[in-house]
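Colleague: Dropping the sequence and predicted coords here.
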Amino acid sequence: MEEQTENKVEDDKKKQKAESNQHEIKCAGCSADLQFKPGTTNLHCQYCGAENEIEIEDIEITENDYLSTLKKTGGGAPTQEVTIVECNGCSAETTFDPKVSSDQCPYCGAPIVIRDAHSETLIRAESLLPFGIDKNDAFDTFKTWLNKLWWAPNDLKKYATQKELFVGMYMPYWTYDADTYTDYTGRRGDNYTETYTVNVNGQSQTRTRTKTNWRSASGNVHVNFDDTLVRASDSLPIKLIHKIEPFDLENLVPFNDKFITGFRTEKYQIGLEDGFEMAKGKMKPRIESAIRRDIGGDQQRINSMNSTYDNITFKHVLLPVWISSYMYEQKTYRFIINARTGKVQGERPYSKIKIALAIIGGLAIIGTIVGLVMAYN
């Protein structure tokens with residue numbers, strides 16, 4: 001009975017908080033929905049300009065125990081039920097606005113139908129980085145990028161007028177902490193100089209060369225990792241995602257629904273366990289560097305390494321990006337901006353006509369030069 005009473009109290013608190021949040025995202029002046037204003041901590045009304053300050057909770061962003069969460073035992077990460085819709089074109093799964101019946105996939109531009117939405121229980125994101133760059137700045141960056149594409153088809157520039165193609169997206173990431181202990185075997189190389197004599201035109205000359213003395217090495221290294229960042233989505237090419245990093249994770253704030261008003265979030269596709277395997281790959285170079293330092297000498301060779309991982313913790317975080325996708329000659333091209341730093345990456349088509357004309361022009365120049373040389377001779 002006591003447990004039921006506690007559950008009812010907790011449910012009432014959640015209901016009151018939800019009602020309070022719903023009230024706070026409505027404009028007091030015109031009753032329109034407020035949206036988060038990038039670069040601020042305010043909710044903004046696009047119709048009358050009213051703004052409400054978002055109160056950021058003064059709480060520590062904690063790490064979740066990895067093994068407890070995998071085993072679904074006490075001490076694991078909190079979960080939540082979310083409603084998502086899947087794109088039939090690229091399989092990306094994102095949240096949606098329940099007030100609309102259809103939408104466009106931000107990753108590939110394909111139409112998505114809201115009636116195909118479904119609910120899932122997922123590990124809840126407990127922190128995020130709010131958008132720091134608004135849509136106008138992101139679109140200006142996109143236009144600048146398009147104008148620099150010398151080898152792009154001329155008609156590609158028409159996309160520089162389509163701001164509606166830009167979508168603000170909170171992408172899912174995992175961060176992992178771990179203490180690693182690695183046993184290794186290898187070889188240490190110590191360089192030394194050897195003097196030798198050669199005969200040049202009947203005369204002896206002394207020269208030197210560097211040789212290496214190799215000997216076996218083994219040992220153990222201890223390396224700690226903090227906030228190793230791993231993408232939890234396959235919706236965008238890895239090369240694009242990696243090239244817009246890093247994110248300023250030191251500025252993470254506790255999750256608040258108000259920060260995502262006016263934006264969309266993507267469901268993680270790469271699970272917690274698979275994400276940690278990817279984190280191990282990002283940790284490996286640092287472990288190898290520690291091994292080489294431990295071996296010492298002038299050169300090092302690593303023959304084997306066996307790592308164990310202790311005190312593994314993680315966070316599920318949402319990081320902001322602006323995404324644009326467009327179709328050109330039946331192929332999808334994507335453009336992505338780090339909405340904190342403004343760093344950009346994109347895919348682009350090439351103009352076969354421009355490349356062909358450049359080759360022809362180059363051959364013509366070479367032919368002219370050859371003709372002049374032959375005439376001179």
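Modeller: In hand now; what should we look at?
Colleague: any low-confidence regions in the chain?
Modeller: 1-24, 73-75, 96-103, 109, 113-116, 149-164, 326-328, 348-377 (pLDDT under 70).
Colleague: Mind jotting down where the helices sit in it?
Modeller: Counting by DSSP state H, the segments of the chain that form helices are 2-24, 66-71, 135-147, 238-243, 272-295, 352-376.
Colleague: Grab the nearest non-local neighbour of Ser307.
Modeller: Spatial nearest neighbour of Ser307, excluding adjacent residues (CB to CB, 6 or more residues apart in numbering): Thr182 at 4.3 Å. C-beta: built from backbone N, CA, C; applies to glycine.
Colleague: Surely Ala77 touches Asn64?
Modeller: Yes. Using CB atoms under 8 Å as the test, Ala77 is close enough to Asn64 to be in contact (3.9 Å).
Colleague: between the two, what contacts are shared?
Modeller: Residues within reach of Ala77 and of Asn64 at once, by CB atoms under 8 Å, 6 or more residues apart in numbering, are 126, 314, 316.
Colleague: Quick check: bridge partners of the last one?
Modeller: In this case it means His316. His316 has the following beta-bridge partners by DSSP bridges: Trp174.
Colleague: Count the residues that sit near it.
Modeller: Residues near His316, counting by other CB atoms under 10 Å, number 24.
Colleague: Over to Asp140?
Modeller: Other residues lying near Asp140 total 13 when counted by other CB under 10 Å.
Colleague: Of Ala77 and Asn64, which one has the most company?
Modeller: Taking other CB under 10 Å, Ala77 and Asn64 do not tie; Ala77 has more neighbours (23 against 19).
Colleague: and the gap between the more buried one and Leu122?
Modeller: Ala77 sits 10 Å away from Leu122, taking CB to CB, to the nearest Å as the criterion.
Colleague: go on, Asp234?
Modeller: Going from Asp234 to Leu122 by CB to CB gives 16 Å.
Colleague: of these two, who's got more company?
Modeller: Using other CB under 10 Å as the criterion, Asp234 and Leu122 rank with Leu122 on top: 17 against 14.
Colleague: If the more buried one is in a bridge, with which residues?
Modeller: Beta-bridge partners of Leu122, as defined by DSSP bridges: Gln80.
Colleague: Quick one: residues contacting it.
Modeller: Taking CB under 8 Å, 6+ apart, we find Leu122 in contact with 79-82, 267-268.
Colleague: Filter these down to the buried ones.
Modeller: Among the contacts of Leu122, those buried by neighbour count (16 or more other CB atoms under 10 Å) are 82, 267-268.
Colleague: with these in mind, which one is nearest to Cys27?
Modeller: Closest approach to Cys27 among the buried ones among the contacts of Leu122 (CB to CB): Val82, at 26.0 Å.
Colleague: ok, that closest one to Ser127 distance?
Modeller: In this structure, Val82 and Ser127 are 17 Å apart, going by CB to CB.
Colleague: ok, now Ile312?
Modeller: Look at Ile312 and Ser127: by CB to CB, they are 18 Å apart.
Colleague: now swap in Ala217 and tell me
Modeller: Plainly put, Ala217 is 42 Å away from Ser127 if you go by CB to CB.
Colleague: Surely the residue nearest to Ser307 and Asp310 touch.
Modeller: No. Thr182 lies out of contact with Asp310 (CB under 8 Å); the separation is 11.8 Å.
Colleague: picking up where we left off before, got a markdown table for the contacts of Leu122, with distance to Ile25 too?
Modeller: Conversion of the contacts of Leu122 to a markdown table gives the following (distance: CB to CB, whole Å):
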| residue | distance to Ile25 |
| --- | --- |
| Thr79 | 24 |
| Gln80 | 18 |
| Glu81 | 20 |
| Val82 | 18 |
| Lys267 | 22 |
| Tyr268 | 25 |
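Colleague: So of these, which two are at opposite extremes in space?
Modeller: Spanning the widest gap among the contacts of Leu122 are Glu81 and Tyr268, at 14.5 Å by CB to CB.
Colleague: From the chain's centroid, how far away is stretch 332-343?
Modeller: 10 Å (CA atoms, centre = their mean, to the nearest Å).
Colleague: cool, and stretch 46-62?
Modeller: Stretch 46-62 sits 25 Å away from the centroid of its parent chain (CA atoms, centre = their mean).
Colleague: list the buried ones in that stretch?
Modeller: The neighbour-count check on stretch 46-62 (16+ other CB under 10 Å) flags 50, 52, 54 as buried.
Colleague: which of those residues lies closest to Met305?
Modeller: Closest to Met305, out of all of those and judged by CB to CB, is Ile54, at 46.6 Å.
Colleague: What's the separation between the closest one and Ala32?
Modeller: Distance of Ile54 to Ala32, given as CB to CB: 17 Å.
Colleague: do Asn147 as well
Modeller: Distance of Asn147 to Ala32, given as CB to CB: 35 Å.
Colleague: what do you get for Gln345?
Modeller: Taking CB to CB, one finds Gln345 at 35 Å from Ala32.
Colleague: Compare neighbour counts for these two and give me the winner.
Modeller: Per other CB under 10 Å, whichever of Gln345 and Ala32 has more neighbours is Gln345, with 18 against 14.
Colleague: does Cys30 really touch Gln46, like I thought?
Modeller: No. Counting by CB under 8 Å, Cys30 stays clear of Gln46, with 10.1 Å between them.
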